[in-house]
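Participant: A structural model of the following input is requested.
(2 chains)
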Protein chains: 2
Amino acid sequence: MSELVTDLRRFLDGPYAAIRDRVRADLARDPRTTDTALSIDEQRAATREALLALAGSGMPAAGFSRDHGGTGDIGASITGFEMLVYSDVSLMVKAGVQWGLFGGAVENLGTERHHAYLEQIIAGDLLGCFAMTETGHGSDVQSIETTATYDPGTSEFVIDSPSPSARKDYIGGAAHDARMAAVFAQLVTAGPGEEPVSHGVHCLLVPIRDSDGHDLPGVTTSDCGPKGGLNGVDNGRIVFDHVRVPRDNLLDQYASVAQDGTYSSPIENPNRRFFTMLGTLIRGRVSIAGASGAASRLALAIAGRYALTRRQFDAPGHAEEVTIADYLTHQRRLLPAVARAYALQCAQNDLVSTLSRIQGGAEPVDPGEQRTLEAQAAGLKAVASWDASATIQTCREACGGAGYLAANRLTTLKADTDVFTTFEGDNTVLLQLVGKELLTGYADEVGGLDPVGMIRFAVTNAADTVLERTPMSGFVRGLLDATKREGDEPDLLDRGTQLSLLVDREEHVLETLARRMQEARKAEGVDAFAAFNAAQDHLVRLGRVHVERLVLESFVTKVAELDPSDDELRFVLDALADLYALSVIENDRAWFLEHRRLSVGRAKAVIRLVDRQCRRLRPYLGDLVDAFGIPDPLLDVEMLG
Amino acid sequence: MSELVTDLRRFLDGPYAAIRDRVRADLARDPRTTDTALSIDEQRAATREALLALAGSGMPAAGFSRDHGGTGDIGASITGFEMLVYSDVSLMVKAGVQWGLFGGAVENLGTERHHAYLEQIIAGDLLGCFAMTETGHGSDVQSIETTATYDPGTSEFVIDSPSPSARKDYIGGAAHDARMAAVFAQLVTAGPGEEPVSHGVHCLLVPIRDSDGHDLPGVTTSDCGPKGGLNGVDNGRIVFDHVRVPRDNLLDQYASVAQDGTYSSPIENPNRRFFTMLGTLIRGRVSIAGASGAASRLALAIAGRYALTRRQFDAPGHAEEVTIADYLTHQRRLLPAVARAYALQCAQNDLVSTLSRIQGGAEPVDPGEQRTLEAQAAGLKAVASWDASATIQTCREACGGAGYLAANRLTTLKADTDVFTTFEGDNTVLLQLVGKELLTGYADEVGGLDPVGMIRFAVTNAADTVLERTPMSGFVRGLLDATKREGDEPDLLDRGTQLSLLVDREEHVLETLARRMQEARKAEGVDAFAAFNAAQDHLVRLGRVHVERLVLESFVTKVAELDPSDDELRFVLDALADLYALSVIENDRAWFLEHRRLSVGRAKAVIRLVDRQCRRLRPYLGDLVDAFGIPDPLLDVEMLG
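Facilitator: Numbering: from 1, shown residues only, chains lettered A, B, ... in the order given. This next block holds a predicted model:
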């Protein structure tokens, strides 16, 4: 491995080099990949076996606190799981369900008596599932219909699916493996002498299968059947017919029901309570953002190596046919995607570090920081999963017919990761969530994502700028200040210029949206919906431009921290950061022109500069993808043989 | 079925209503769909059985002339096969290999003695394959390595794969079913007293399997194994080790070898000969363009119906949760794609009609018309297959988790059609081909797609305008002339304005590219490659903008021909044509701004108008997708139940 590759890898690994190297070694020893020629039952069995083998690896334990039988290294846990994508996406998702979602719900929403399960959960002795989504309700979790009605006569909750649309659906593990479910339901109870009333969505532990795998009384599970991918995961459905569980089964960190039926919660506002509970489950989105990044890197490593070996057409001045990596159209397909992969990994490392600090620390969580973290996780998940979808597609096409053979991994990778754009929250909905948080300054009172909530809420002072609202490194702030003092024709290769173009875009999108929403508040009924609806794309856009700005900041901050003496590394990463920034601007240059942030001449220059950066980085393509550090046995595909 | 739906269907069916209705009835009677839960062997067996059943349907016979045992209705044949996509894409591809590629090569490249096979081929009694692509050579067919060396001693050709990269690869039917191959090879022969010399790529019939399915001596077939989709098609590989076939097995419509080894051809120029042979095989690309359109329509019908039933989130002024079709973001996902589906079907109908007229007629083919047709087929195949890829992806995401279940068809459809973007010619290469044809005025001398050929060729008079070079209906020309006389701020809803924006864009892209290529010709060696390479994206872009203009013309010409008294139909199709034109302009508005074809104000207006057209067309979403006329049993998926 050349020194440059080593240095690039260290840059990408960031604070997680140790766990990455350990998982690399594990994967190299056992380079299992998804085999789509197996039947679904066989794929599921192979994934289950791999899951149980993983239980002993220490990775699951890292995700839980020392008090609960874990080793308390959230960052290592998330990073380690993410890398399973290089091997088998089904295994990564199955592990995410067992330890991230199910185990995470027990640890974060439960109390001591529930934490007693964690040892079994960590060891894989108790397999569980996370029963939130219903057939009728995906993105709008607050509207789920499953009920958990407290019966003070027996001190039990009665779990029920009152309608076909209340059926729990797409639940990983529900078709076969899970013996217990963390069930989200509307909690209905009454204090003495009161009428029963719903207190909103809460989570309870509900045993669903006996040790022989048969449904328990009142529980009806079924199978979602073949999916577009991830066929190693047994997604299924659950219908509850008045299933009784003890009062203790309510995960009662944030709300409890006394034996007499009295409801109490330390969080008064039901909306805030709901989002606080959901907020503790943020790791799922962070994991999908990470897994999306891993998927993009795997695809780029395969297509990048292929581009360097595949030759087509003679070219003048070249002794033999040139490699396809020498063609501009091919460079344009791969190199901006490589730049995005680097930028996204920097942002992911930052996100995981922040998450570890906030959730793993001893101090109480600062609500503002938590909300910011949630918005960043939602936004990065959306942007990274769309990027993975587009990048893998591009890589498949860039390998032609060979790319279509399952042996070359790209089609399976595409199919397995495709659902990332819609699970753990639909991307379009998530970006609206990010937009709403920015628009309202992360205000506590803001409810769900329904149009009513959006419009009713007073938009906070729109004059607040993005700079004041979101954390920003001193380095970035310094660059922006320096840029503001100049004011000439922008130098597109100047880092401050690139940053300020993205910051300025975000501020403008936010300010204009705030004005629209203030207008919309004056409307009533159908008109209010129409006003919200007309601005919906604008809201999605705010989320996206915000994330693009954050990602650029992460990347360039890390590039700026490099040792100045390391010339080649700096040259390559500077060029890559330029390519990332310029390609973001290029893709949205209509906006920059329409808002007179770029002249016609500058806009055209952006295109030429992207071409130039592609040419400059062409000689480094192999090193750039080698630096991802994907174990060779996992890249040893037929077309590269 | 409402009158509007009937009228819209008639509009879309165009000249092929009769065959479409017949195939609709067939599919409704036997609504078989791909079952990915079957093993690959089972999927292949099911597809083979369906293929043999299809042989009796008359559709294959329609593709062959009456002189050869067919019924001579090319348009019906292509259109009928295209519709198999609604049922099973593997079957469509398998039929395309047997009757389009293999049968097409025998009919179009062969002479009487080969035509004797056609009866068996049409009946499915002789299954064949089309062995063109090699492991080392996909897009660059002229560089294939397989040789067919004439041996005058025995009057045989010796077929040989001289290197691993000469292996025939990805060949549909080669893994199992095909008994004979149409093999493309470098033809090497010598007249009496001459040294053997290669005369370029020719096609020969080579038996590869005996009636028991065993490889014949010297032939080694193997299996490409599981693919990203299309697992009902048995793609395989063939290696030839000095396999001897009689001299008669050369398909000798365009070149023959006398018994003494003397080579002769009615076409002197080897390049022209090669492209003439290839040109006769144009039906493959036309079929993939059609199949891509069918795939987009199927996805839109499923996602469109889902959007009208799926409710999420309460909205003010609405008694219940609104349907997701009521959200602007959702309208923006589906409705421009619906508009493209209508526009592309108009263009496809035109393409098939032209093909039928040129290839099905008694008159000799006009070379200029043939070249234009080839460029249009290549361009429409590229644009339609990329559209299908993006549209199906969008539709999958628009159906969330439900969209990911195989039972709801979208993931299988995506996987099965994904290879359309690269087979029958890689899209990026095909758009360069279109660009080159425009750049050189369809000149005969222009060779392959290699950079050398591109640069060496004298670009024809760049002052020729697009208008002069390509056929254009009187209606369109009239609109353009009327628009030219005005010259005010463009009215973006004016049809002439929309057209002239696209025509003007194409002219500008062509003219600037022509100037760049003239400069490039002055360069030598490595510099010449660099000059070509720097302009490569520009060339791809020329191909794309050309196709977008042609598609708009097809659509609006047909809308203009509607009965003026039919108010609602005209209203809907006018709005849809506006949406198509505006969304094409919106997607490329950076270009229109950079080239001062749109002011900042007009560019922003385009965005608002796309929103407005989406709102206007929202009430017609159901009718618009119902008009595709996809048989109900094929849309009867779980999530719509």
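
Participant: mind listing what's buried in stretch A:177-196?
Facilitator: A:177-191 (16 or more other CB atoms under 10 Å in any protein chain shown). In short, each C-beta sits where N, CA and C put it, glycine included.

Participant: So for it, mean pLDDT?
Facilitator: In this model, stretch A:177-196 has a mean pLDDT of 97.

Participant: Is that stretch positioned near chain B?
Facilitator: No - shown here: stretch A:177-196 not in contact with chain B (CB under 8 Å from any CB of the partner chain), separated by at least 15.3 Å.

Participant: Would you mind measuring the gap between the ends of that stretch?
Facilitator: 35 Å (CA to CA, to the nearest Å).

Participant: Leaving out sequence neighbours, find the closest residue to residue A:384.
Facilitator: residue A:292 (3.9 Å; CB to CB, 6 or more residues apart in numbering or on different chains).

Participant: what secondary structure does the one you found sit in?
Facilitator: Judged by DSSP: H, G, I helix; E, B strand; the rest coil, the three-state class of residue A:292 is helix.

Participant: where exactly do the strands run in the stretch 451-600 of chain A?
Facilitator: With DSSP state E, counting those that start in this stretch, there are no strands along the stretch 451-600 of chain A.

Participant: Name the residues of it found near chain B, please.
Facilitator: A:451-452, A:455, A:524-529, A:532-534, A:536-537, A:540, A:589-590, A:593-594, A:596, A:600.

Participant: In ChimeraX, how would I select the buried members of the residues you listed?
Facilitator: The following ChimeraX line selects those of those that are buried, judged by 16+ other CB under 10 Å:
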select /A:451,452,455,528,529,532,533,534,536,537,540,589,590,593,594
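
Participant: Quick check on the residue of the stretch 201-350 of chain A found nearest chain B: phi, psi?
Facilitator: Across the stretch 201-350 of chain A, no residue is closer to chain B than residue A:228, which sits at 2.6 Å (CB to the nearest CB). Listed backbone geometry of residue A:228 is phi -60, psi -20, with angles given as degrees, to the nearest 10.

Participant: again, but for residue A:170
Facilitator: The phi/psi pair for residue A:170 (degrees, to the nearest 10) is phi 60, psi 20.

Participant: which residues touch the spatially closest residue to it that is not a sequence neighbour?
Facilitator: Using CB to CB, 6+ apart and skipping residues adjacent in sequence, the residue nearest residue A:170 is residue B:401, 4.2 Å away. Listed by CB atoms under 8 Å, 6 or more residues apart in numbering or on different chains, the contact partners of residue B:401 are A:133, A:138, A:169-170, A:419, A:422-423.

Participant: most surrounded residue in the residues you listed?
Facilitator: residue A:419 (29 neighbours; other CB atoms under 10 Å in any protein chain shown).

Participant: Now do the buried residues in stretch A:60-67.
Facilitator: A:60-65.

Participant: no, scratch that, I was asking about stretch A:357-377
Facilitator: By 16+ other CB under 10 Å, the buried positions in stretch A:357-377 come out as A:358-359, A:370-377.

Participant: quick one: which of the residues you listed sit in strands?
Facilitator: Judged by DSSP state E, strands contain none of those.

Participant: can you name the two of the residues you listed that are farthest apart?
Facilitator: A:359 and A:375 (15.5 Å; CB to CB).

Participant: doesn't residue A:167 make contact with residue A:174?
Facilitator: No - using CB atoms under 8 Å, residue A:174 is not in contact with residue A:167, being 10.5 Å away.

Participant: Around chain B, pick out the residues from the stretch 51-200 of chain A.
Facilitator: So far as CB under 8 Å from any CB goes, the stretch 51-200 of chain A lies against chain B at A:133, A:136-140, A:143, A:169-170.

Participant: Show me where the stretch 151-300 of chain A has its helices.
Facilitator: Assigned by DSSP state H, counting those that start in this stretch, the stretch 151-300 of chain A shows helices spanning A:270-279, A:283-309.

Participant: Just send these back as a markdown table, with mean pLDDT and distance to residue B:616 too.
Facilitator: Below are the helices of the stretch 151-300 of chain A laid out as a markdown table (pLDDT from 0 to 100; distance: least, CB to CB, whole Å):
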| stretch | mean pLDDT | distance to residue B:616 |
| --- | --- | --- |
| helix A:270-279 | 89 | 36 |
| helix A:283-309 | 97 | 36 |
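
Participant: out of the ones you listed, deepest packed?
Facilitator: helix A:283-309 (a mean of 26; mean count of other CB atoms under 10 Å in any protein chain shown).

Participant: Packing partners of that one?
Facilitator: helix A:74-82, helix A:89-95, helix A:328-360, helix A:367-398, helix A:400-404, helix A:410-417, helix A:621-626, helix A:632-635 (3 or more CB pairs under 8 Å, 6 or more residues apart in numbering or on different chains; DSSP states H and E).

Participant: Relative to the whole chain's centre, how far out is it?
Facilitator: On the basis of CA atoms, centre = their mean, to the nearest Å, helix A:283-309 sits 13 Å off its chain's mean C-alpha point.

Participant: and the angle for that helix with helix A:410-417?
Facilitator: Calculated by axes from the mean of the first three to the mean of the last three CA atoms, to 10 degrees, helix A:283-309 forms an angle of 170 degrees with helix A:410-417.

Participant: follow-up on the earlier one: would you check that the residue nearest to residue A:384 makes contact with residue A:420?
Facilitator: Yes - here residue A:292 lies in contact with residue A:420, judged by CB under 8 Å, at a distance of 5.4 Å.
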